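Asker: Fold the following, please.
(one chain, ligands or ions: 1)
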Amino acid sequence: MTDKYLVEGSENELTTKTAAELAGLIHSREVTSREVTQAHLDRIAAVDGDIHAFLHVGQEEALKAAEDVDKRLDAGEAPASALAGVPLALKDVFTTTDAPTTAASKMLEGYMSPYDATVTKKIREAGIPILGKTNMDEFAMGSSTENSAYGPTHNPWDLERTAGGSGGGSSAALAAGQAPLAIGTDTGGSIRQPAALTNTVGVKPTYGTVSRYGLIACASSLDQGGPTARTVLDTALLHEVIAGHDAFDATSVDRPVAPVVQAAREGANGDLKGVKVGVVKQFDREGYQPGVMEAFHAAVDQLRSQGAEIVEVDCPHFDDALAAYYLILPCEVSSNLARFDGMRYGLRAGDDGTRSADEVMAYTRAQGFGPEVKRRIILGTYALSVGYYDAYYLQAQRVRTLIAQDFAKAYEKVDILVSPTTPTTAFKLGEKVTDPLEMYNFDLCTLPLNLAGLAGMSLPSGLASDTGLPVGLQLMAPAFQDDRLYRVGAAFEAGRK
Ligand code: GLN
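Answerer: Take a look at the predicted model:
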């Protein structure tokens, strides 16, 4: 156990506080945003050599944003948001004009975007200093950050283990006290899964409620940005900063943001009377790590003791989610990543006057993409080709509909569904890299939610008795009912204390 890497081991107590606490201190002028931001930059300098949560640290820009908040507050202005002055780590898949955006790919090494993503813009407008850009699997494909072209992130709980993926950097930064807030994206679990492995909270909002404008696309029908933090309330506060309709995103939904902060505050009384919780039968089975199942059953018992009614729910098509996801995703990837052609963005390789434009494109893509990205582009291109489209892509879309129907049927009986977030606790770096199927299997519990476009949370539910590592509890709510995650999540969190 490497305690000095966990938030409790921070040398400065400002890096151990929650975002809500920090906001309170900053807004009442007991500390400055500059002090809080500097404390986190110092923590990054102290531990990131070992953890590698960050691909880029924007020291000057972060301090400048912090000073701006301080100046406004000192002049008597109201805080720009509930989190004004509290710094954040941004997954390196959202564009930023003042820092490179690489999606952890060689293809975009050093790439500077001409515009800020909507999420980035909202963060800036809320007065939240951006500490830097966090590590991830290349183009968000992977479950361990080992597909990053810049080397993996190490889990602060055990440096030899993965912090999860694709957003391992964001979650590791939270667990290590390098940032009190972080942004991730969740296409098949990339927010919830790293949250589970690092004992932090991560939310995948309902599809269409957080803008994808300026989010480098992996699979457009599945991708969704979301908030992560160390507590349910902090996650809710960040959720309200980044959610909302955006005319620049054609799939953005024009409806009010679910009242997630209010729900988190209400849930904190720990009372779950009247709440019907469904345990998904397909994810409550032998074969998962015993320590994970033990923690999960203890979590269900706790929910019951807090007043929730527990019902077993059958979602038979969840068993087919993995196969459907790993067809739909590569299909969308093969189309989305066609834009990286060596002509328009980032890397251009082999353009030495001897090659035609087509050859330069092929050469650039061979040099610029890592093996997992290539694997998915090839698989997706194959599955979309004439003759195979019906058998693979269309069939997978049918399964997707069946999964959505399983959810709809379940929500006729219950308010919210629960399962373990992952089948095991954090695995060792290197353990699954040579076996893609093993890696894909790790996403088993998180994928159905993305296929149906619903809202999910992972939150800490104790340490596994067999490995001593964190276990995540997954909550799954119907579309646009994201507040249910926070109500039940905050109650569960309160009940654990
Ligand atoms: N691990 C999944 C994959 O590799 C999910 C990734 C994600 O959510 N971005 O596709």
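
Asker: use CA for all of it now, contacts and neighbours both
Answerer: Fine.

Asker: All the strands of the stretch 251-400 of the chain, residue numbers only.
Answerer: In the stretch 251-400 of the chain, the strands defined using DSSP state E, counting those that start in this stretch lie at 276-280, 309-313.

Asker: The last one to strand 276-280, inter-axis angle?
Answerer: Relative orientation of strand 309-313 versus strand 276-280 (axes from the mean of the first three to the mean of the last three CA atoms, to 10 degrees): 30 degrees.

Asker: Residue 159: which element?
Answerer: Of the helices and strands defined by DSSP states H and E, residue 159 is found in strand 158-162.

Asker: let me redo that: residue 145
Answerer: Secondary structure assigned from DSSP H and E places residue 145 in neither a helix nor a strand.

Asker: Let's check: the centremost residue of this protein is which one?
Answerer: If you average the C-alpha coordinates of the chain and look for the closest C-alpha using CA atoms, centre = their mean, you land on residue 191, 2.1 Å from that point.

Asker: Just the pLDDT at it, thanks.
Answerer: In this model, residue 191 is scored at 98, pLDDT.

Asker: which parts of the stretch 351-497 of the chain sit against the ligand?
Answerer: For the stretch 351-497 of the chain, the residues in contact with the ligand (CA under 6 Å from any ligand atom) are residue 443.

Asker: shaky segments in the stretch 1-150 of the chain?
Answerer: Counting by pLDDT under 70, the stretch 1-150 of the chain contains low-confidence ranges at 1-2.

Asker: The residue of it found nearest the ligand - how many residues pack around it?
Answerer: For the stretch 1-150 of the chain, the residue positioned closest to the ligand under CA to the nearest ligand atom is residue 142, at a distance of 3.4 Å. Neighbour count of residue 142, defined by other CA atoms under 10 Å: 28.

Asker: Equivalent analysis for the one 4 residues further on, please.
Answerer: The tally of other residues near residue 146 (other CA under 10 Å) stands at 27.

Asker: how near is the residue lying closest to it once chain neighbours are set aside to the ligand?
Answerer: Excluding its sequence neighbours, the residue lying closest to residue 146 (CA to CA, 6 or more residues apart in numbering) is residue 152, at 4.6 Å. Remark: distance between residue 152 and the ligand (CA to the nearest ligand atom, to the nearest Å) = 14 Å.

Asker: What backbone torsions are found at residue 152?
Answerer: The phi/psi pair for residue 152 (degrees, to the nearest 10) reads phi -80, psi 160.

Asker: residues in contact with it?
Answerer: Under the criterion of CA atoms under 8 Å, 6 or more residues apart in numbering, the contact partners of residue 152 comprise 52, 135, 136, 144, 145, 146, 162.

Asker: Can you check the pLDDT for it?
Answerer: Per-residue confidence at residue 152 stands at 98 (pLDDT).

Asker: CA-only coordinates of the strand holding residue 159, as CSV, when you get a sec.
Answerer: What follows is the C-alpha trace of strand 158-162 in CSV, where atoms were taken according to Å, rounded to 0.1, in the frame of the first residue of the first chain:
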residue,chain,number,x,y,z
ASP,A,158,-1.2,0.5,-5.8
LEU,A,159,1.2,1.9,-8.3
GLU,A,160,1.6,-1.5,-10.1
ARG,A,161,-2.1,-1.5,-10.9
THR,A,162,-4.3,0.3,-13.4
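
Asker: Now do that strand: everything it contacts.
Answerer: Strand 158-162 has contacts (CA under 8 Å, 6+ apart) with 1-2, 50-51, 144-145, 152-155, 168, 197, 426-429.

Asker: Which two of those have the greatest separation?
Answerer: Greatest spacing in the contacts of strand 158-162, by CA to CA: 1 and 145 (20.9 Å).

Asker: of those two, who's got more company?
Answerer: When residue 1 and residue 145 are compared for neighbours, residue 145 comes out ahead with 31 against 11, by other CA under 10 Å.

Asker: and that one, what does it touch?
Answerer: Taking CA under 8 Å, 6+ apart, we find residue 145 in contact with 135-138, 151-153, 162-169.

Asker: of those residues, closest to residue 22?
Answerer: Of all these, residue 22 sits closest to residue 169, with 21.8 Å by CA to CA.

Asker: That closest one against residue 52, yeah?
Answerer: Yes - under the contact definition of CA atoms under 8 Å, residue 169 touches residue 52, with a separation of 7.1 Å.

Asker: got the residues of the stretch 151-300 of the chain near the ligand?
Answerer: Counting by CA under 6 Å from any ligand atom, the residues of the stretch 151-300 of the chain lying close to the ligand are 166, 186, 187, 188, 189, 190.

Asker: would you turn the residues you listed into TSV with neighbour count and secondary structure?
Answerer: As requested, these are arranged in TSV below (neighbours: other CA atoms under 10 Å; DSSP: H, G, I helix; E, B strand; the rest coil):
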residue	neighbour count	secondary structure
166	34	coil
186	28	coil
187	28	coil
188	32	coil
189	34	coil
190	35	coil
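
Asker: re the thing from before, which of the contacts of strand 158-162 fall in helices?
Answerer: Counted as lying in helices by DSSP state H, out of the contacts of strand 158-162, are 50, 51, 168, 197.

Asker: number of nearby residues for the last one?
Answerer: The criterion is other CA under 10 Å. On that basis, residue 197 has 33 neighbouring residues.

Asker: so what pLDDT did it get?
Answerer: Predicted confidence (pLDDT) at residue 197: the value is 98.

Asker: Next, count neighbours for the closest residue to residue 210 other than its chain neighbours.
Answerer: Here the nearest residue to residue 210 in space, its sequence neighbours aside, is residue 243; by CA to CA, 6+ apart that works out to 4.5 Å. A total of 24 residues lie near residue 243 under the criterion other CA under 10 Å.

Asker: same check, this time on the one 3 residues further on
Answerer: By the criterion of other CA under 10 Å, residue 246 has 19 neighbours.

Asker: Contacts only, for it.
Answerer: Residue 246 sits in contact with 118, 211, 252, 253, 254, where contact means CA under 8 Å, 6+ apart.

Asker: If we use 6 Å, what do you get?
Answerer: The contact partners of residue 246, by CA atoms under 6 Å, 6 or more residues apart in numbering, come to 211, 252.

Asker: before we move on, what about the one 4 residues further on?
Answerer: Contacts for residue 250 (CA under 6 Å, 6+ apart) come out as none.

Asker: same deal with the one 10 residues further on?
Answerer: Residue 260 sits next to 236, 483 when contact means CA under 6 Å, 6+ apart.

Asker: Now residue 23: which helix or strand?
Answerer: Since the elements are taken from DSSP H and E, residue 23 ends up inside helix 19-27.

Asker: how long is stretch 413-433 from one end to the other?
Answerer: From the first residue to the last, stretch 413-433 extends over 40 Å; the measure is CA to CA, to the nearest Å.

Asker: Kindly report the same for stretch 128-139.
Answerer: End-to-end distance of stretch 128-139: 25 Å, with CA to CA as the criterion.

Asker: Are that stretch and the ligand in contact anywhere?
Answerer: No - contact between stretch 128-139 and the ligand, assessed by CA under 6 Å from any ligand atom, is absent, since the two come no nearer than 7.7 Å.

Asker: contacts for that stretch?
Answerer: Contacts of stretch 128-139 (CA under 6 Å, 6+ apart): 53-58, 62, 65-66, 84-92, 103-105, 145, 147-148, 166-170.

Asker: mind checking how far it is from the chain centre?
Answerer: Between the centre of stretch 128-139 and the centre of its host chain there is 11 Å, according to CA atoms, centre = their mean, to the nearest Å.
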